[in-house]
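[1] sequence and predicted structure are below.
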Amino acid sequence: MENLTRFMQYAADFEKTLGDDDWTRLRPYFAADAVYEVRAETFGCRLTGPEAIFTGMKKSLDGF
């Protein structure tokens with residue numbers, strides 16, 4: 001599948017997730033060993049695995 005098409009599907013599913021808080025919908029887009037890392041002194045983090053990444057995303061978005 002073309003990268004842009006895949007990204008647009010992810011973006012649409014992400015928007016749905018923001019509306020209904022169903023993070024399981026995003027699982028197919030993440031490898032089991034996915035890593036999300038932010039390098040910053042005050043809010044840096046390293047999250048490994050989809051569940052940790054989703055928890056971190058949710059926490060960050062809930063803070064807005």
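    That came in fine, so what should we check first? Numbering: from 1, shown residues only.
[2] when you work out contacts or count neighbours from here on, use the C-alpha atoms and nothing else.
    OK.
[3] if we go by neighbour counts, what in the longest helix seen in the chain is buried?
    Ranked by residue count and defined by DSSP state H, the top helix of the chain is helix 3-20. Within helix 3-20, the residues scored as buried using 16 or more other Cα atoms under 10 Å are 10, 13, 14, 17.
[4] give me the phi and psi for residue 38.
    Here is the backbone geometry of residue 38 (degrees, to the nearest 10): phi -120, psi 120.
[5] how about it, nearest residue that isn't a chain neighbour?
    Of all residues not flanking residue 38 in the chain, residue 44 sits nearest, at 4.8 Å (Cα to Cα, 6 or more residues apart in numbering).
[6] near that neighbour, how many other residues are there?
    9 (other Cα atoms under 10 Å).
[7] for the one 4 residues further on, same thing?
    Residues near residue 48, counting by other Cα under 10 Å, number 14.
[8] so how far is residue 64 from the residue lying closest to it once chain neighbours are set aside?
    Spatially, and ignoring its direct neighbours in sequence, residue 48 is nearest to residue 35 (4.5 Å; Cα to Cα, 6+ apart). With distances taken as Cα to Cα, to the nearest Å, residue 35 is found 23 Å from residue 64.
[9] those two - which one has more neighbours?
    Taking other Cα under 10 Å, residue 35 and residue 64 do not tie; residue 35 has more neighbours (14 against 5).
[10] what's the separation between the more buried one and residue 46?
    Look at residue 35 and residue 46: by Cα to Cα, they are 7 Å apart.
[11] the host helix or strand of residue 47 pairs with which strands?
    Per DSSP states H and E: residue 47 is located in strand 45-48. With DSSP bridges as the test, strand 45-48 is paired with strand 35-38 (antiparallel).
[12] residues making contact with the partner strand?
    By Cα atoms under 8 Å, 6 or more residues apart in numbering, the residues outside strand 35-38 that reach it are 44, 45, 46, 47, 48, 49, 53.
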